[in-house]
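> Next one to model:
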Amino acid sequence: ATGDVKKLARSTRREIGRLSCEPAWSNHWSGESSIPDYSGVLRKMKSLLSAGGADELVEIGDELMSRGIEQVEQSNDEGETAMQIGQCMEVVFKAVPQSSLEPAEQILWMIDAFLADQYSLLDGVENPFPKKRYAAGDWSAAADTLLKRLASFASKGPKDDDFSSKYRRESIMRWAITALENSGRKVEIIPLLGKEAPVTFCYERLVDALIAEKRMGDAAFRAREGY
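The predicted structure follows:
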């Protein structure tokens, strides 16, 4: 009511800290359950957004994702906890464009949230990147950062059986392609797919891209290679 953003942010963090430590479980057969109630956090976050606390919400979002993923990972419920955390994160995603982060940083913040989400917490986030919200130059800067991350993966040389590393590398590659598309740098997509295919096995997407460019000989070669 007073619009005290700092005080409200501290209160929200305290409640997240308390709730994220609670066990989350439910028994389908007996009907018994112990589900943390994030409704108070959701109300406070909405109040923060209305009061202009976008920067505070972005910081809280980082903490909530980290704590929330850890809690859901250890929970034994029917997805209720993840759904509540996801509803809170929807508010954070509305705050990001209003924050003081530079546009390219906003894009990367949201991409990093999706990259960290192993439990579909963000499935309810609708269209975080509407057309015309971010300029081609913003997407280009984000693409450069993502491509540097891919280069870092390549320099480390992950082991052939390192599934986790490959999965993260492929996820970053997909977002890098999205950024290249939105920045008008589509000419870089096929070379990127070609470079990543032996590691991430993105042959199908590579072949589709080559066919779209009517490069049938290259597409056939890559299809055989992938097979």
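> Mean pLDDT per helix and strand in the chain: which one sits at the bottom?
strand 33-34 (a mean of 85; mean pLDDT, DSSP states H and E).
> which non-adjacent residue is nearest the spatially most central residue of the chain?
Closest to where the C-alpha atoms of the chain average out (Cα atoms, centre = their mean) is Phe114, at 1.0 Å. Nearest residue to Phe114 in three dimensions, chain neighbours excluded: Leu122, at 6.0 Å (Cβ to Cβ, 6 or more residues apart in numbering). Backbone N, C-alpha and C define where each C-beta goes, glycine included.
> Contacts only, for that neighbour.
86, 89, 93, 113-114 (Cβ atoms under 8 Å, 6 or more residues apart in numbering).
> give me that answer again for 10 Å
65, 82, 85-86, 89-90, 92-93, 110, 113-114, 116, 128 (Cβ atoms under 10 Å, 6 or more residues apart in numbering).
> now swap in Ile177 and tell me
Contacts of Ile177 (Cβ under 10 Å, 6+ apart): 143, 146, 185-186, 188-189, 192-193, 196, 202, 205, 209.
> give me the element it is part of.
helix 163-183 (DSSP states H and E).
> Next, the buried residues of stretch 12-29.
If you call a residue buried by 16 or more other Cβ atoms under 10 Å, then stretch 12-29 has these buried ones: 12-13, 15-16, 19-20, 24, 26.
> Same question for stretch 169-187.
Buried, per 16+ other Cβ under 10 Å, within stretch 169-187: 169-170, 172-180, 182-183, 185.
> for stretch 39-50, same thing?
41-42, 44-45, 47-49.
> what about Lys214, distance to Thr178?
23 Å (Cβ to Cβ, to the nearest Å).
> swap that for Val41, sorry
For Val41 relative to Thr178 (Cβ to Cβ), the value is 30 Å.
> Then Arg18?
37 Å.
> tell me the two of the buried residues of stretch 12-29 that are most distant?
Arg13 and Ser26 (26.5 Å; Cβ to Cβ).
> For the very next helix or strand once past the least confident helix or strand of the chain, give the mean pLDDT please.
Counting by DSSP H and E, the element after strand 33-34 in chain order, helix or strand, is helix 39-50. Here helix 39-50 scores 97 as its mean pLDDT.
> how distant is helix 39-50 from the center of its chain?
From the chain centre to the centre of helix 39-50 is a distance of 21 Å (Cα atoms, centre = their mean, to the nearest Å).
> got it, and stretch 184-198?
21 Å.
> what is the mean pLDDT for that stretch?
97.
> So which bits of that stretch are buried?
185, 189-190, 192-194, 196-197.
> Serialize these to JSON lines and add fields for secondary structure and distance to Phe163.
Shown next, in JSON lines, are the buried residues of stretch 184-198 (DSSP: H, G, I helix; E, B strand; the rest coil; distance: Cβ to Cβ, whole Å):
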{"residue": "Arg185", "secondary structure": "coil", "distance to Phe163": "30"}
{"residue": "Ile189", "secondary structure": "helix", "distance to Phe163": "25"}
{"residue": "Ile190", "secondary structure": "helix", "distance to Phe163": "26"}
{"residue": "Leu192", "secondary structure": "helix", "distance to Phe163": "21"}
{"residue": "Leu193", "secondary structure": "helix", "distance to Phe163": "20"}
{"residue": "Gly194", "secondary structure": "helix", "distance to Phe163": "22"}
{"residue": "Glu196", "secondary structure": "helix", "distance to Phe163": "16"}
{"residue": "Ala197", "secondary structure": "helix", "distance to Phe163": "17"}
